[in-house]
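Asker: sharing a model prediction with you, sequence too.
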Amino acid sequence: MSKFKLIAKLLKLVKSFRSIISLAVINGIIGNLCSICISLFAALGLVSIMGYDVGINLIVIIVIMIVLGVIRGALRYFEQYSNHYIAFKILAHIRHVIYEKLRVLAPAKLETKEKGAITNQITSDVETLEVFYAHTISPVLIAIFVNGSIVLFISIYTNFVLGLIVLVFYLLVGVLLPYLIYERAKKDGLSYRNMLAKYNAKTLDMIRGRKDILLTNSKELFIKNSECDTKELVNYKRKNIMRTIMTRGYVDVFIYLGAISIIIAGYFLSKYHLMNPLLILVALIVYLSSFAPITALANLPANLNQTFASAKRLFALLNEKPIFEEKHNDNKIDFTSLDVNNLSFAYENEVILKNINFSIKKGEAIAIVGPSGIGKSTIIKLLMQFYPYNGSIKIDGKELDQIDHNSLYENICMFTQNTYLFNDTLRNNIKIAKPNASDDEIIEVLKQASIYEFVSNLENGLDTIIKEDSINISLGEKQRLGLARVLLRKPKLLLLDEPTSNIDSFNESIILNTLESLKKDMTLIMISHRKSSIRIADRIYTLKDGMLYE
Ligand code: ADP
């Protein structure tokens, strides 16, 4: 993607913020002009003391300078305020866009091993875009308007040759220098962002596996790996800082070369009576005090190439097509039957299911058994519209890939071996299944899942905060809370993916008893590699070599 296309896309992403961005830019232009005008009036005061008739009284000049100073102060505040207001509003807006995209791409996208990279995109990649919205758009526009006005002023008020010199040095510092730096730093920016994403993914992995790192005493190995990655990142940062320092040096050299050029040109122009020599002073002071917007441009590329790299990664995510296109239509269901015919499926090239067939009617319970890794969970995932498939899966006679996604999820629910509880109250953790559920409804499902007694004995009951990683409750309690959450949805077809495989036989029998008592209202498909957990099934299927046998 070319830079211009990227900029256009970044601007399009935030077109609803156009009016407030314009306001911030106008604010910045007036503010910067005020600041330069303070120096200009100081110069005019000085040359008027030296005998040049500037057409304004000295007292008036001083009053104007004071007024401009006050206005500049107020505008500076509003400029900073509006730029940051815009940036954070925009970042929030972009995060919404990304979450919406991830929702469409999920669950297949989230099943992959890119969680760290996704985390990086939602956090630091988006954060990096702040540079573009708060520190690029307005500085560029401000520089064009403010420094354009200065070139005109110097050309008209002093001499057009001086105006031309000022223009050349503005372009050198504000356009050529940033362009050259950008070109040199471009490749580094993208590799740094990718490096950072990889580093974050690894760190996230390490945090998740911290217990196993401790248990296997492999701390040293992980620290060493992490140090290597950090060294790479530090090397890049060092290069970046060196570039920033060098840029500052070049900027200063160019500014003073410009000033010397003005003095020399002014000397010759006044020698040949083409301008008053005192006006050299005016041009010089205005020129030197007008560089703030231009130096802001010179400092852009060091961060801008990273911003563009982040934007590229972000647009790549936003352009991704979902593996399974959700349907939103009138093809609704009210579960009565499921018929699977000649179902085949492969992950990339690995064939998992070969022409499998089974059916289930409302009120029945079936179990699918087989060793670990044979493809049992894959069947459940296909029923939940995770992936496209070959063959036919029909619910109420309607092909699964044509059924309205929301209607499917209202009818079917999945209960897995590892319930995730959020770092929130117990009540909110159950309520995510039905946000408007009353406490009575929550208590009813807690009782059904045989976890009510445990909850009512807690000091804060439903208000108990579940700590991160659910460390304040046991695995069995966690699964029973998970069951309560699932039951709150009142699914017509419940898919159970080894929900009791990680817990003790006491908790397993509680969950199985609950499921057995609910059998008449709920159709069940259970998956297990344990005999004990399929005792409630009416029919049992075995999955072997990709094929299903009753
Ligand atoms: P089971 O539930 O019987 O233990 P799964 O259905 O989870 O088995 O997995 C079947 C096979 O497919 C395994 O070899 C597993 O590694 C592979 N697999 C599972 N999910 C994915 C995926 N998202 N991408 C690629 N391979 C996968």
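Answerer: Arrived safely.
Asker: what helices and strands are in contact with the helix or strand hosting V445?
Answerer: Assigned by DSSP states H and E, V445 belongs to helix 439-448. Packed against helix 439-448, as judged by 3 or more CB pairs under 8 Å, 6 or more residues apart in numbering; DSSP states H and E, are the following elements: helix 426-431, helix 452-457, helix 475-488, helix 505-518. For the C-beta atoms, the positions are set from N, CA and C on the backbone; glycine is no exception.
Asker: may I see the buried residues of the second one?
Answerer: To tie it back to what came earlier, the one meant is helix 452-457. Of the residues in helix 452-457, Y452, F454, V455 count as buried by neighbour count, 16 or more other CB atoms under 10 Å.
Asker: next: the first one.
Answerer: Within helix 426-431, the residues scored as buried using 16+ other CB under 10 Å are L426, R427, N429, I430, K431.
Asker: from the ligand, how far out is the closest residue to the second one other than its chain neighbours?
Answerer: Spatially, and ignoring its direct neighbours in sequence, R427 is nearest to L462 (3.9 Å; CB to CB, 6 or more residues apart in numbering). Relative to the ligand, L462 is positioned 34 Å away (CB to the nearest ligand atom, to the nearest Å).
Asker: just to revisit the earlier point, by how many degrees do the helix holding V445 and helix 475-488 diverge?
Answerer: Compare the direction of helix 439-448 with that of helix 475-488 by axes from the mean of the first three to the mean of the last three CA atoms, to 10 degrees and you get 130 degrees.
Asker: and helix 439-448, which residues are buried?
Answerer: Using 16+ other CB under 10 Å as the test for burial, helix 439-448 gives E441, I442, I443, E444, V445, L446, K447, Q448.
Asker: contacts only, for the closest residue to the ligand within the stretch 101-250 of the chain.
Answerer: Per CB to the nearest ligand atom, E111 is where the stretch 101-250 of the chain lies closest to the ligand, at 4.5 Å. With contact taken as CB atoms under 8 Å, 6 or more residues apart in numbering, E111 is in contact with F386.
Asker: give me phi/psi at P277?
Answerer: phi -60, psi -30 (degrees, to the nearest 10).
Asker: still on that earlier bit, what's the local residue count around the residue nearest to R427?
Answerer: In terms of burial, L462 registers 18 neighbours under the definition other CB atoms under 10 Å.
Asker: what do you get for I7?
Answerer: For I7, using other CB under 10 Å, the count is 15.
Asker: what strand or helix carries it?
Answerer: Taking DSSP H and E as the criterion, I7 maps to helix 3-13.
Asker: enumerate every residue touching the residue nearest the centre of the chain.
Answerer: Residue closest to the average C-alpha location in the chain (CA atoms, centre = their mean): I122, at 2.1 Å. Shown in contact with I122 (CB under 8 Å, 6+ apart): R95, I98, Y99.
Asker: mind running it again at 10 Å?
Answerer: I122 makes contacts with I94, R95, I98, Y99, L102, L314, L317, as judged by CB atoms under 10 Å, 6 or more residues apart in numbering.
Asker: then T247?
Answerer: Contact partners of T247, counting by CB under 10 Å, 6+ apart, are V173, L177, P178, L180, I181, T295, A298, N299, L300, P301, A302.
Asker: of those, closest to S261?
Answerer: The shortest distance between S261 and any of the contacts of T247, using CB to CB, involves V173 and amounts to 13.0 Å.
Asker: re the thing from before, from the buried residues of helix 452-457, which is closest to the ligand?
Answerer: Within the set of these, F454 lies nearest the ligand; the separation is 29.4 Å, counting by CB to the nearest ligand atom.
Asker: that older thread, just put the contacts of T247 in TSV and tack on distance to the ligand.
Answerer: As requested, the contacts of T247 are exported to TSV (distance: CB to the nearest ligand atom, whole Å):
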residue	distance to the ligand
V173	53
L177	49
P178	44
L180	45
I181	43
T295	51
A298	48
N299	45
L300	42
P301	40
A302	40
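Asker: can you put those in a markdown table and add pLDDT, neighbour count and secondary structure?
Answerer: Below are the contacts of T247 laid out as a markdown table (pLDDT from 0 to 100; neighbours: other CB atoms under 10 Å; DSSP: H, G, I helix; E, B strand; the rest coil):
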| residue | pLDDT | neighbour count | secondary structure |
| --- | --- | --- | --- |
| V173 | 93 | 25 | helix |
| L177 | 89 | 20 | helix |
| P178 | 86 | 22 | helix |
| L180 | 87 | 13 | helix |
| I181 | 83 | 22 | helix |
| T295 | 89 | 19 | helix |
| A298 | 81 | 24 | helix |
| N299 | 76 | 17 | coil |
| L300 | 79 | 22 | helix |
| P301 | 74 | 25 | helix |
| A302 | 69 | 21 | helix |
